[in-house]
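# below are the sequence and a predicted model for it; my questions follow.
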Amino acid sequence: MNQIDPQRSTLEQLLAPLKDTALETMRLLKNLGGRLDAFSLDLVRDVGAVTRDAQALASAAQGKATTLRRATPRAAKLAQAGALILARHRWLRLAGAARGDLALRDEDHRDLARRTAAIAAELRGGIAKLGQLASCRPDLVGSIWASELAKLQDEVPAIDTAEIRARVEAELGRPIAAVFATFDDTPLAAASLAQVHAATLLDGTAVAVKVQVPRIEDIIEADIAALRTIASALGELPGIDLPILADELSRALATELDYVGEAVALQAFGAAGVLVPRPIAAASSARVLTMTRIEGDRLTAWLERASATERDRLLGDLVSEVATQILVRGHVHADPHPGNFLVTPAGKLALLDFGCTLVLDRADRSAYARLVMAIAGANHTAAATELANLGFSADVPEQLVLVTESLIGALRPGTSAADLDWESAFAAQIARARQLGGLTIPRSFVLLGRVLATVAGLLATHKPRLQIHALIARHLAAAAT
């Protein structure tokens, strides 16, 4: 007798209603004509593909490490969530076709974006972190999707107050009243890995208390294991190094859960003159981080109402700070979504959340500086050399240089961020990236690419009248030597 695979059985049970719904949709809409029938067939095929992929993940997990087997229920959840969004997308297209309109309306995109953000918020972990990253790129995902996904920065469902208080007291080894004069049960922000509560110390100092979400460690472990399983099941994909991405995501998320390391990073950036919170060691632990509270507005809200002059000044400050981190100090804030920036009442830029940082040694800083200078001077031979020095490679190095040129074209002397055709630049970047084969990227660029993408997204959205090269030229010259 054949043994029943319990994991496959569970996945089939989870996804069976979706298959039934898709089949029923096809039958109901078949009479609407060939075009609608084609859409309904697409729905059936898509849900069937999701089902097969989920089953493949379960099979890939069989016989592997215990961690991978534990990740399979999480992978099944992700597959089911993806199928639900996909089914909704197909349904909206069917409804549009019935109206004689093949394109999704803005309200349809908002519906899909809200559903996606809600699912990511519920799942938390690495999935919510990906949503945060996407929200930083309105130039790529569109303003509607970016605005809805931005809620993942600090608007995921709050953890029950009793659980948060219990974790704080367990971590600090004292009752809350013995540490804080006040502790606000309503969080200032609730994010994928933690939530932050306003409080005051016994001496009256206003603080923010960052509390790690209970059991988030298990969720992160499952997400990483699921990604590794996906990488194993899919094998080698052109242009994507999934094992490196999985390794770097694992490292980055583990770092974000290390509040002792975050406190050290806060002290280092503060000592360098950056406006950051000051950690309070006596009220902190490995899973609770208490910091002085900085008052201000979120960067995106401030930019939307600021005058053009103020907006250009602040974005110039941001570009200069990021360039200094990468080229001079070699210590980079590597989770730069807009929710991690505040603008104080005095108009100063403040940085929050140092759970994810990147350290670049002098050799890497120098190579990145020379790469930018080579691209700016259209010296493709030198650019190829520096890419190799940094650890980039591709089957056709010349194509890699062209992709890099698309990425950093805005850094050429005399180019204004306001005049650059960002949409065309990103389109060229994507088109050239698709031609790459055998791509290898250095581990550092997994995080550094996120930083540069976030800054590029802000510049593409607000188009400040800035010449970026003029802001960073002295840093380039110093780092290149």
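Perfect, thanks for sending it.

# what lies in contact with stretch 354-365?
Stretch 354-365 has contacts (C-beta atoms under 8 Å, 6 or more residues apart in numbering) with 193, 252, 255-259, 262, 265-266, 269, 276, 326-328, 330-335, 368, 389-390, 444, 447-448, 451, 479. Quick note: C-beta positions are derived from backbone N, CA and C, even for glycine.

# all strands of the stretch 151-300 of the chain, in order?
For the stretch 151-300 of the chain, the strands defined by DSSP state E, counting those that start in this stretch occupy 180-183, 189-190, 194-201, 206-212, 288-292, 297-298.

# now the first one: buried residues?
Along strand 180-183, these residues count as buried under the neighbour rule (16 or more other C-beta atoms under 10 Å): F180, F183.

# ditto for the third one
Across strand 194-201, burial judged by 16+ other C-beta under 10 Å covers A194, Q195, V196, H197, A198, A199, L201.

# from E398, how far out is the fifth one?
Per C-beta to C-beta, to the nearest Å, A198 is found 54 Å from E398.

# please apply the same query to the second one.
Separation of Q195 from E398 (C-beta to C-beta) stands at 48 Å.

# next one: the last one
Noted for L201: a distance of 59 Å to E398, by C-beta to C-beta.

# which residue ranges form the helices in the stretch 251-400 of the chain?
Using DSSP state H, counting those that start in this stretch, the helices of the stretch 251-400 of the chain run over residues 259-271, 299-305, 308-323, 362-376, 380-390, 397-408.

# which residues touch the closest residue to W302 other than its chain neighbours?
Of all residues not flanking W302 in the chain, V343 sits nearest, at 4.1 Å (C-beta to C-beta, 6 or more residues apart in numbering). Residues near V343 by C-beta under 8 Å, 6+ apart: G296, D297, R298, L299, W302, L314, L349, A350.

# quick one: these as a markdown table, columns for distance to G339 and neighbour count too.
Output for those, formatted as a markdown table (distance: C-beta to C-beta, whole Å; neighbours: other C-beta atoms under 10 Å):
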| residue | distance to G339 | neighbour count |
| --- | --- | --- |
| G296 | 12 | 19 |
| D297 | 12 | 16 |
| R298 | 6 | 19 |
| L299 | 8 | 22 |
| W302 | 12 | 20 |
| L314 | 16 | 21 |
| L349 | 14 | 20 |
| A350 | 12 | 17 |
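
# quick revisit: okay, and the beta partners of the residue nearest to W302?
Counting by DSSP bridges, V343 is bridged to D297, L349.

# of the buried residues of strand 194-201, which is the nearest to A113?
Distance ranking of the buried residues of strand 194-201 against A113, using C-beta to C-beta, places Q195 first at 22.8 Å.

# hey, what's that closest one bridged with?
Applying DSSP bridges to Q195 gives these bridge partners: A190, V211.

# could you dump the helices of the stretch 251-400 of the chain to JSON lines with mean pLDDT and distance to A113?
Output for the helices of the stretch 251-400 of the chain, formatted as JSON lines (pLDDT from 0 to 100; distance: least, C-beta to C-beta, whole Å):
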{"stretch": "helix 259-271", "mean pLDDT": "95", "distance to A113": "30"}
{"stretch": "helix 299-305", "mean pLDDT": "93", "distance to A113": "16"}
{"stretch": "helix 308-323", "mean pLDDT": "95", "distance to A113": "25"}
{"stretch": "helix 362-376", "mean pLDDT": "91", "distance to A113": "34"}
{"stretch": "helix 380-390", "mean pLDDT": "90", "distance to A113": "35"}
{"stretch": "helix 397-408", "mean pLDDT": "75", "distance to A113": "26"}
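
# tabulate those (a markdown table), appending distance to A208.
What follows is the helices of the stretch 251-400 of the chain, written out as a markdown table (distance: least, C-beta to C-beta, whole Å):
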| stretch | distance to A208 |
| --- | --- |
| helix 259-271 | 12 |
| helix 299-305 | 17 |
| helix 308-323 | 21 |
| helix 362-376 | 32 |
| helix 380-390 | 37 |
| helix 397-408 | 35 |
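
# looking at the ones you listed, which is nearest to L112?
helix 299-305 (21.5 Å).

# could you export the closest one as PDB, CA atoms only?
C-alpha atoms of helix 299-305 as PDB (Å, rounded to 0.1, in the frame of the first residue of the first chain):
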ATOM      1  CA  LEU A 299       9.700  61.700   5.600                       C
ATOM      2  CA  THR A 300       7.000  61.000   3.000                       C
ATOM      3  CA  ALA A 301       4.400  63.100   4.700                       C
ATOM      4  CA  TRP A 302       6.800  66.000   5.200                       C
ATOM      5  CA  LEU A 303       7.900  65.900   1.500                       C
ATOM      6  CA  GLU A 304       4.400  66.000   0.300                       C
ATOM      7  CA  ARG A 305       3.600  69.300   2.000                       C
END
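
# in it, which residues are buried?
Going by neighbour count (16+ other C-beta under 10 Å), the buried part of helix 299-305 is L299, T300, W302, L303.

# stretch 461-468 too?
T461, H462, K463, P464, L466, Q467, I468.

# for those, which one is nearest K77?
T461 (32.7 Å).

# tell me what whichever strand or helix holds the closest one is packed against?
Per DSSP states H and E: T461 is located in helix 443-462. In terms of contacts (3 or more C-beta pairs under 8 Å, 6 or more residues apart in numbering; DSSP states H and E), helix 443-462 is packed against helix 125-135, helix 138-141, helix 242-256, helix 299-305, helix 308-323, strand 331-333, strand 357-359, helix 422-434.

# pLDDT averaged over the last one, what's the number?
This means helix 422-434. Across helix 422-434, the average pLDDT comes to 68.

# same question, the second one
The predicted model assigns helix 138-141 a mean pLDDT of 56.

# before we move on, the earlier item: can I get the buried part of the contacts of stretch 354-365 as one PyMOL selection?
To isolate the buried members of those in PyMOL, using 16+ other C-beta under 10 Å:
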select buried, resi 193+252+255+256+257+258+259+262+265+266+269+276+326+327+330+331+332+333+334+335+368+389+390+444+447+448+451+479
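
# in space, what's closest to K348 - neighbours in sequence excluded?
The shortest distance from K348 to any non-neighbouring residue, by C-beta to C-beta, 6+ apart, is to L275 (5.7 Å).

# so what's the residue count around T440?
11 (other C-beta atoms under 10 Å).

# correct me, but it touches L390?
No: if you go by C-beta atoms under 8 Å, T440 and L390 don't touch, sitting 10.7 Å apart.

# residues in contact with stretch 400-418: which ones?
Outside stretch 400-418, the residues that touch it by C-beta under 8 Å, 6+ apart are 315, 371-372, 375-376, 380, 383-384, 387, 392-394, 420, 425-426, 428-429, 432-433, 436, 439, 452, 456, 459, 463-470, 472-473.

# and it, how far apart are its ends?
This stretch, stretch 400-418, spans 26 Å end to end (C-alpha to C-alpha, to the nearest Å).

# now stretch 328-336
One end of stretch 328-336 to the other measures 18 Å (C-alpha to C-alpha).

# kindly report the same for stretch 335-345.
23 Å.

# next, the buried residues of that stretch.
Under 16+ other C-beta under 10 Å, the buried positions of stretch 335-345 are D335, P336, H337, P338, G339, N340, F341, L342, V343.

# out of those residues, which one sits closest to A162?
G339 (25.9 Å).

# looks like the closest one contacts A189 (just checking).
Yes: in this structure, G339 is within contact of A189 by C-beta under 8 Å, at 7.3 Å.

# got the domain ranges for the chain?
6-153, 161-217+251-292, 298-481 (automatic domain parsing).
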